[in-house]
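Student: attaching a predicted model along with its sequence, questions to come.
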Amino acid sequence: MDKIVIEGRRPLVGKIPISGAKNSAIKLMAASLLTDGELRLDNMPNLADTRFMADLLRRLGAIVERPEPHTMTLQVPEVVSALAPYDLVRKMRATFNVLGPLLAREGHAKVSLPGGCAIGARPVDLHLQVLKALGAHIDLHEGYVYAQAPRGLSGGRIAFPMVSVGATEHALLAAVLAKGETVIENAAREPEITDLAECLNAMGAKISGLGTSTLTLQGVDRLLGTTHSVVPDRIETGTYAIAAAITGGDVELVNTRTDLLTAFLDKLRAAGVTITQTQGGFRVQADATQLRAVDVETAPYPGFPTDLQAQFMALMTVANGESHISETIFENRFLHAPELMRLGADIHVQGPVATVRGVRTLEGAPVMATDLRASVSLVLAGLVAEGKTTVNRVYHLDRGFENLEEKLTGCGAQIERMKESQTQEA
Ligand code: EPZ
């Protein structure tokens with residue numbers, strides 16, 4: 001298995017281009033199932049997760065092409081199968097979101113339940129609640145969801161008991177073609193949801209309330225193809241902002257927006273990092289010896305994103321003072337803490353709160369993590385650690401960070417990938 005090897009303690013200086021958001025791209029791809037027209041997605045990242053989704057969509061009848069490196073076209077002239085099998089859904093949970101569009105277009109679908117994952121149980125009860133509220137009949141058998149709506153879906157009221165990104169997206173993807181009006185209350189407000197709603201509206205949907213917690217849809221008979229540019233990846237943006245800060249660097253992040261991560265940038269400023277708006281993004285400057293401890297608590301958007309919690313913890317391991325990091329979204333999302341401790345970090349986890357006491361230096365070591373954001377937090381720690389850090393199980397990083405090594409080496413980091421063959425020899 002590939003490894004990433006980092007020689008730390010080099011300040012990053014330069015520019016890093018930000019890619020389109022993974023978590024938007026894969027839901028936008030699912031929207032292609034709702035029309036026989038062509039959906040053209042620009043600013044499309046090239047990641048393992050977008051490839052998983054393309055594999056599944058091809059099996060369902062999509063023609064998926066990449067005419068340019070950051071453009072993807074998708075067209076589903078007809079759905080050839082309404083079955084999303086376990087072997088594909090288990091690789092990436094978000095493929096579960098094809099259930100709603102398949103049901104909307106075909107009147108039936110069979111989709112594998114995704115199962116839990118390292119960061120938590122991650123049930124899909126709210127997704128199923130959505131489909132039932134729209135009139136679908138749902139049965140669970142042998143690990144599969146069997147959904148039926150032979151006379152089509154009809155609009156309904158969906159009041160979520162808790163905020164869910166995936167279930168809100170699923171509600172949009174299922175209700176656009178339902179008969180009549182659908183109201184979604186307590187909807188998630190993440191920028192990726194607004195991105196999906198904007199794309200669906202460009203395809204002919206009638207969704208209002210974008211960016212608020214109440215979304216209203218007037219069902220339409222048909223959607224058409226369109227061209228849409230994927231919103232910048234706010235999690236990739238925040239990750240590289242921390243890479244600049246933790247190394248005491250000076251980096252401009254381009255093709256991104258500060259308004260996508262206000263709560264996060266407020267915390268970064270409180271930690272002593274200077275953020276300056278630029279034409280195509282923003283600049284991050286820090287003095288690594290002056291970083292201050294700051295408490296954070298994850299929350300649904302516009303709060304501090306859970307997908308940046310591990311990276312912020314890496315920053316806090318070398319800040320002056322004691323910080324408290326509370327994880328409120330997932331029940332098991334501190335898997336990076338013991339690995340950061342292998343590098344010399346002082347972290348004490350108690351339930352949903354991690355207490356981090358900043359240390360003067362981290363020291364390189366072999367580490368590995370079991371999810372994407374945890375893995376990249378180890379890369380960040382490796383950038384500031386003395387000596388060599390080897391990050392194992394790199395395939396997690398390939399799911400969500402496009403050209404990670406190139407982007408970091410472009411700013412002076414010493415980081416390289418060792419292919420499996422090289423690691424066997426080593
Ligand atoms: C999305 O996951 C993201 N994934 C996650 O990013 C992100 O961490 C999460 O939203 C929160 O921002 C994608 O967009 C592909 P949720 P999602 O439904 O939609 C519980 C990454 O690293 N819940 O908002 O699965 C759930 O268990 C990934 O890129 C239910 O109880 O998240 C969790 O505790 C990791 N029942 C909470 O809600 C349900 O039916 C929020 O989950 C659905 C969710």
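Tutor: Happy to help now that I have it. Residues are numbered from 1 along each chain as shown.
Student: count the neighbours of Ala159 for me.
Tutor: Using other C-beta atoms under 10 Å, Ala159 is surrounded by 12 other residues. From N, CA and C alone the C-beta is placed, and that goes for glycine too.
Student: phi, psi of it?
Tutor: phi -110, psi 110 (degrees, to the nearest 10).
Student: hey, what's it bridged with?
Tutor: With DSSP bridges applied, Ala159 shows beta-bridge pairing to Glu185.
Student: which pLDDT value goes with it?
Tutor: With respect to pLDDT, Ala159 scores 98.
Student: hang on, isn't it packed against Ala171?
Tutor: No: with contact defined as C-beta atoms under 8 Å, Ala159 and Ala171 do not form a contacting pair (10.9 Å).
Student: any idea how far Asp250 is from Asp221?
Tutor: 54 Å (C-beta to C-beta, to the nearest Å).
Student: and stretch 124-137, is it in reach of the ligand?
Tutor: Yes: using C-beta under 6 Å from any ligand atom, stretch 124-137 reaches the ligand at Val124, Asp125, Leu126, His127.
Student: show me what contacts the last one?
Tutor: Going by C-beta atoms under 8 Å, 6 or more residues apart in numbering, His127 touches Phe96, Asn97, Leu99, Gly100, Ser164, Gly166, Ala167, His170.
Student: ok, now with 7 Å
Tutor: Neighbouring residues of His127 by C-beta atoms under 7 Å, 6 or more residues apart in numbering: Phe96, Gly166, Ala167, His170.
Student: would TSV of the residues you listed with neighbour count, secondary structure and distance to the ligand be doable?
Tutor: Below are these laid out as TSV (neighbours: other C-beta atoms under 10 Å; DSSP: H, G, I helix; E, B strand; the rest coil; distance: C-beta to the nearest ligand atom, whole Å):
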residue	neighbour count	secondary structure	distance to the ligand
Phe96	21	helix	9
Gly166	21	helix	3
Ala167	24	helix	5
His170	27	helix	9
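Student: which of these sits closest to Pro232?
Tutor: The closest of the contacts of His127 to Pro232 turns out to be Gly166 (C-beta to C-beta; 20.4 Å).
Student: pull the number of nearby residues for the nearest residue to Pro67 once chain neighbours are set aside.
Tutor: Excluding its sequence neighbours, the residue lying closest to Pro67 (C-beta to C-beta, 6 or more residues apart in numbering) is Thr73, at 6.2 Å. Neighbour count for Thr73, taken as other C-beta under 10 Å: 19.
Student: got the confidence number for the closest residue to Ala270 other than its chain neighbours?
Tutor: Ranked by C-beta to C-beta, 6+ apart and with sequence neighbours excluded, the top spatial neighbour of Ala270 is Val294, at 4.7 Å. On pLDDT, Val294 comes in at 98.
Student: SS state for Val294?
Tutor: coil (DSSP: H, G, I helix; E, B strand; the rest coil).
Student: what about Ala314, neighbour count?
Tutor: With other C-beta under 10 Å as criterion, Ala314 counts 28.
Student: can you name the next helix or strand after whichever strand or helix holds it?
Tutor: In this assignment (DSSP states H and E), Ala314 forms part of helix 309-316. Scanning forward in sequence from helix 309-316 by DSSP H and E, the next helix or strand is strand 322-326.
Student: in its sheet, what does that following strand sit against?
Tutor: By DSSP bridges, strand 322-326 pairs with strand 296-297 (parallel), strand 353-357 (antiparallel).
Student: could I get those as TSV with distance to the ligand and mean neighbour count?
Tutor: Below are those laid out as TSV (distance: least, C-beta to the nearest ligand atom, whole Å; neighbours: other C-beta atoms under 10 Å):
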stretch	distance to the ligand	mean neighbour count
strand 296-297	14	20
strand 353-357	16	19
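Student: want to throw those into JSON lines with distance to Met92?
Tutor: Output for the strands paired with strand 322-326, formatted as JSON lines (distance: least, C-beta to C-beta, whole Å):
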{"stretch": "strand 296-297", "distance to Met92": "27"}
{"stretch": "strand 353-357", "distance to Met92": "27"}
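Student: pretty sure Ala381 sits in a helix.
Tutor: Yes: under the criterion used here (three-state DSSP), Ala381 sits inside a helix.
Student: so it makes contact with Thr361?
Tutor: No: judged on C-beta atoms under 7 Å, Ala381 makes no contact with Thr361 at a distance of 11.0 Å.
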